[in-house]
Structure formats: C-alpha cells, structure tokens
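# the sequence isn't on hand, but the structure is:
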C-alpha cells in the first residue's frame, strides 16, 4: 500500500450561513473521497473565536487552511469548484 | 426616507476634533463624528501618517483606537510611529491601540467559489470591543482591491463595514489611493461607497519643489473651509497644517514703543516702532538694509530684549564682521543669550519647511523681536503662491505673539522703483521705511524716509543718511531735491520751492496774469 500522508485541515467560517454549510459539506465529501480516513478536519467559526482568525490573519471566509502536510496552503471560497480545491491542496487527481 | 418638511429643524452633524494641528480649523471643528471620512491621496502624500496620527491624537485625548492595515505590516507601522515620536509599544501594552493585520500574506490563495470578507469585519469588531475603541483607521483600501479581483464583492463588503462602524458610533478614517493629484477622487471609485466625507492629500510639483496640501473636499451635511491648505510633516509631531485663511484678523494692538536701534530713526517714526509692528525696509542693493537690520537687533539687545536674526543672504561671519565694523559686537550679545543668528540658504528647503523651522526656533528662543534679511532672497526661490503664504504665515505668527518683525526687501532698480515684495505685503505691514540712492553732482548719496506708520504721526521728509564707523547717521532732509523716488532726482533752487509752495497757499491768492 502507498505511504499515507496525514492531512490536517482547518476551515474558517463566519457564522452558519448557507455558504458556510456548503463549504463544510463540500469539505467533508472531499475528505472522505480523497483521504480515506487519514485526515483531521476542524471547523472554526470566526465569530466564536476571533483571536484564532486574528492569529492566522484570515480576511475572507470560508477559507480552508491546509496545515499538514507542508507547505501550508490557503483556499478561499465555498469549495464548490472541486478541481481548484484539489489544485490548492496539491492533490493531483489521477482520474 | 423621511421627507424634510419646511418646518423641520436642521440638526448639524456633530464634528469630532481630530487633534491634528491645523486640520480642525480647516474642517471647522474636525471630521463628522460617528461617520467614515475618506482620506484620498497619491503615493507619498502622507495618508498613512494622517491615519495613524488620527488615532494617536485620539489616544492622547483619552479615546482608544484600532488601526487596520491592508498594506504595510504592523511592524513597519510601529517603526514609523516610533520614529515620529509616538509611544506605540506603550499604547499597545496599555490596551489603548490595537492592530488588525490585514497585510498581504506570503501564501497564495486559490479561489474556489463564492466568499465574503466576514472574517475581516469580525476581527475589526473584535478589536474594537477589546480596546473599547472610539476611532478606527483603515489604511489603505486600494490594497484590498488589488488582492481580491472581485471588485463588486469588495465594494459590497466595504459598504457593510462602513455601516457596521456607523452602527457602533465609531468615527473612522479610510485611506485610498489616487493616481493623479488633480483628477478622479480615488482609484477603484471607492468614494462611491464611503464618499460622504472626503479629505484629499496632495504632494504636487510646484515649480521644482513638492508642495504638500490638504483639502476638505466635502462633508455631507456639514460645513468646512474650501480649497487646499499647505502642511508639513514634522518629526515628533506628524502632520502640521497651516490654515491661512482660517486665521482671523483678531490681533490686538499695542501702544508700547520699542527702539529701532537708531535714535534719529526713532524720532522720524514719532518715538520708535510699536512693539508688535511689522516693519518693511526696502532699498536697492548696498543701500543700507543690512545695517538697519543690524541696528534693530543690537538696539533691542541693548535694552535687554531677546532678538532673533534670520539671515538668508549673508553668512554668520560676514554679518558679525559687518556688525563689528559698525561698532556692534554680536558675538558678545550672542554669548549673553540676547541675540540669536540663524543663517540658511534660501534654496536649502521649501518655504513651507523654512516656515516650520522658523516657528520652532521662535517657540524655543521666545524672542521679543525678529528680523528677516531678506525676504527677496526667499522670493527668488519660490512660486508666488508659496511666497505669499510664507509671508502671511510668518507675519500672522509674529502678530499673535506680539513680536516685532523687521523685514528687508530689495528693489530691482538702483534708483527709485518698488519691489515686488512691497506689492504683496505692503498692506500687511504697519511701517514702511524706504532707502534710496540719490545721484547728485557726481555722487551717490543716500536717502531714507518713513513712508507709512500705522497708528502714529511720522516725518514726511526724505532725509540724507551716511554709513560710518558708528552705523547709520541720519542727517538733514533733501530740501532742494525732487524726484528721488522716481529715480530722477533734480536739484531745485530755493526760490522755485517758495514759489511752488505759495501757488497753493489759500491766504495769498495769486493774481492771474
């Protein structure tokens, strides 16, 4: 079996809006399909934890931050354009 | 929206004094309170300084602030503020100042769908609540437009932000870029979103010098002075604006007399100059203007006054040597702290900077009298506008402090004539003394007259004077000479003068031939 990488992803949202819900469900689906269980996904609501957003210097939401594996990447938007998301996560879709 | 009925009372928008020197006079009280004011300017026009100073002045007045930076990193801004003399580290520690760092991050961001700037808004609100801010500065909007290509989205979010700030009763300054000093208000049409109140900063080329100006372009529902006003960036103080037309003619007038340094001239002036007078001395080159200036300074120092000499034409050594040759020891007077001599090349800086420098010297030395030799040297290196502003700025500064000021100006022609300076400042001056060459019988003699002396009778005669080892000696009047001021002096025999005078004598009507 190919060596498995651990993906640690953090999704920043501002409140539970339709856009936030879309981003969360898009991300869940993506993680299930791409990482086959080897991932950690966290959702941070900027309204609840503004300091975290300040530390990461988040301006736009939803923003997905790939913390691991390096390099760190940011992906803005509700993640509806899958191919761009994969590109942003450095996942080369071999389909 | 409620329709205004004729009987509805107009409630003026309340203004918040910014604390930026001069700006509150230009804006007639400050910027609209609880609203957003756009500060637009070209690159290098001091927008960031104004935005930071708005908060700094607020903290000094007891109101905390949040600085949202889109372009420069907080580290850079802290360094600049420290350089300006503002204790930014202390303020941050004391919870009076908070940064929201929205500066560009090295990681690229891929856009994968719709988004908004809600996080930014949440962070700003969070910072405001944390330090209980009443003022917020955003610097600068253009940067965020270039980072997010979706201009419509950015505009919508800025609108949301401005609305939220108004709701929290925050007074906000947002800076924006312009590409031309005289052109559209801002890049990206930012004024369409937050354009109720607009200040414009300019750093335009005027002649060959840069001229910084600030303009209150519009305040919705509030009044303000119109047009551009010059300002300087002064280390330790920040932006200092000079609101000239806002200076009101409210100077008090003094009856106290001071000596001109020459007892004969004092007599010609009816007892000396007034202590808060502006005196203009005009004459051709070599006529004796520097001598009068030197006697003015030495005369004041002899009475125990502090005297400041601002020299733009001669060097220290030249001045001191001249003074010694006329029997006055400047070095001694300087050592006693009664005289200070400041020499500068007129070209060394712009007139606005000269004015700031002069004002700070006056504020520190606190002289009783000031002499400027010469205004013409400054006039030669500036534009008309700059020069006039300098003269008005300096004379009104002196008047407010009731400091006597003597200014020299050179007439362009050797004989007679007026200098351009006189045309500009003759209405501001209280006393005008004219020195002229008088060509007579193969010699160049010298004449002095008091042309104007506000508030006092004075001699009308043109007297001859000479320059010698004890300075200026004023002698008899040129009784038999006419046409000195026109530059064509003519000797007139005594009988002719008697006949001319009697022509207009009402007691002795002449019989018609």
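Yep, that arrived. The model shown is predicted, which means the values in this text are computed figures rather than measured ones.

# so where do the strands sit in the stretch 1-150 of chain B?
Residue ranges of the strands in the stretch 1-150 of chain B, as given by DSSP state E, counting those that start in this stretch, are B:15-16, B:31-32, B:36-41, B:64-69, B:97-101, B:109-111, B:133-139.

# any idea which of the ones you listed has the lowest pLDDT on average?
Mean pLDDT is lowest for strand B:109-111 out of the strands of the stretch 1-150 of chain B, coming in at a mean of 80.

# does that one reach chain A?
Yes: looking at strand B:109-111 against chain A by C-beta under 8 Å from any C-beta of the partner chain, the contacts come from B:109, B:110, B:111. C-beta coordinates here come from the backbone N, C-alpha and C atoms, glycine included.

# run a quick neighbour tally on the last one.
Just to be clear, that refers to residue B:111. Neighbourhood size, residue B:111 [other C-beta atoms under 10 Å in any protein chain shown]: 16.

# repeat that for residue B:325.
So residue B:325, with other C-beta under 10 Å, has 14 neighbours.

# just the terminal-to-terminal distance for stretch A:12-22.
13 Å (C-alpha to C-alpha, to the nearest Å).

# now residue B:464: closest residue in space that isn't a chain neighbour?
Once flanking residues are discounted, residue B:464 sits nearest to residue B:475: 4.9 Å by C-beta to C-beta, 6 or more residues apart in numbering or on different chains.

# three-state assignment of that neighbour?
strand (DSSP: H, G, I helix; E, B strand; the rest coil).

# could you dump the strands of the stretch 1-150 of chain B into CSV with distance to residue A:61 added?
Shown next, in CSV, are the strands of the stretch 1-150 of chain B (distance: least, C-beta to C-beta, whole Å):
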stretch, distance to residue A:61
strand B:15-16, 32
strand B:31-32, 31
strand B:36-41, 23
strand B:64-69, 17
strand B:97-101, 15
strand B:109-111, 12
strand B:133-139, 19
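
# state the distance from the residue positioned nearest the centre of chain B to residue A:73.
Nearest to the mean C-alpha position of chain B, by C-alpha atoms, centre = their mean, lies residue B:393 at 4.1 Å. Taking C-beta to C-beta, to the nearest Å as the measure, residue B:393 falls 57 Å from residue A:73.

# what segments of chain A are strands?
In chain A, the strands defined using DSSP state E lie at A:7-13, A:39-45, A:63-68, A:73-76.

# partner strands of the first one and their direction?
Going back to what we said before, that points to strand A:7-13. strand A:39-45 (parallel), strand A:63-68 (antiparallel) (DSSP bridges).

# for the record, mean pLDDT for the shortest one?
Meaning strand A:63-68. 90.

# give me the below-cutoff pLDDT ranges for the stretch 101-250 of chain B.
For the stretch 101-250 of chain B, the stretches flagged by pLDDT under 70 are B:108, B:244-250.

# contact partners for the residue of the stretch 401-513 of chain B found nearest chain A?
Nearest to chain A in the stretch 401-513 of chain B, going by C-beta to the nearest C-beta, is residue B:401, at a distance of 49.0 Å. Residues in contact with residue B:401, defined by C-beta atoms under 8 Å, 6 or more residues apart in numbering or on different chains, are residue B:362.

# what's the answer for the one 4 residues further on, then?
Taking C-beta under 8 Å, 6+ apart as the contact definition, residue B:405 lies against B:277, B:278, B:279, B:369, B:370, B:371, B:372, B:394, B:395, B:398.

# repeat that with 6 Å
By C-beta atoms under 6 Å, 6 or more residues apart in numbering or on different chains, the contact set of residue B:405 is B:278, B:370, B:398.

# what residues does chain A have near chain B?
Proximity of chain A to chain B, by C-beta under 6 Å from any C-beta of the partner chain, involves residues A:14, A:46-47, A:50, A:53-54, A:57-61, A:72, A:74-81, A:84-85, A:88.

# out of those, which end up buried?
Buried residues within the residues of chain A next to chain B, counting neighbours by 16 or more other C-beta atoms under 10 Å in any protein chain shown: A:14, A:46-47, A:50, A:53-54, A:57-61, A:74-79, A:81, A:84-85, A:88.

# remind me, longest helix of chain A?
Longest helix of chain A, by residue count under DSSP state H: helix A:18-35.

# from the contact counts, what lies against it?
Other helices and strands packing on helix A:18-35, by 3 or more C-beta pairs under 6 Å, 6 or more residues apart in numbering or on different chains; DSSP states H and E, are strand A:7-13.
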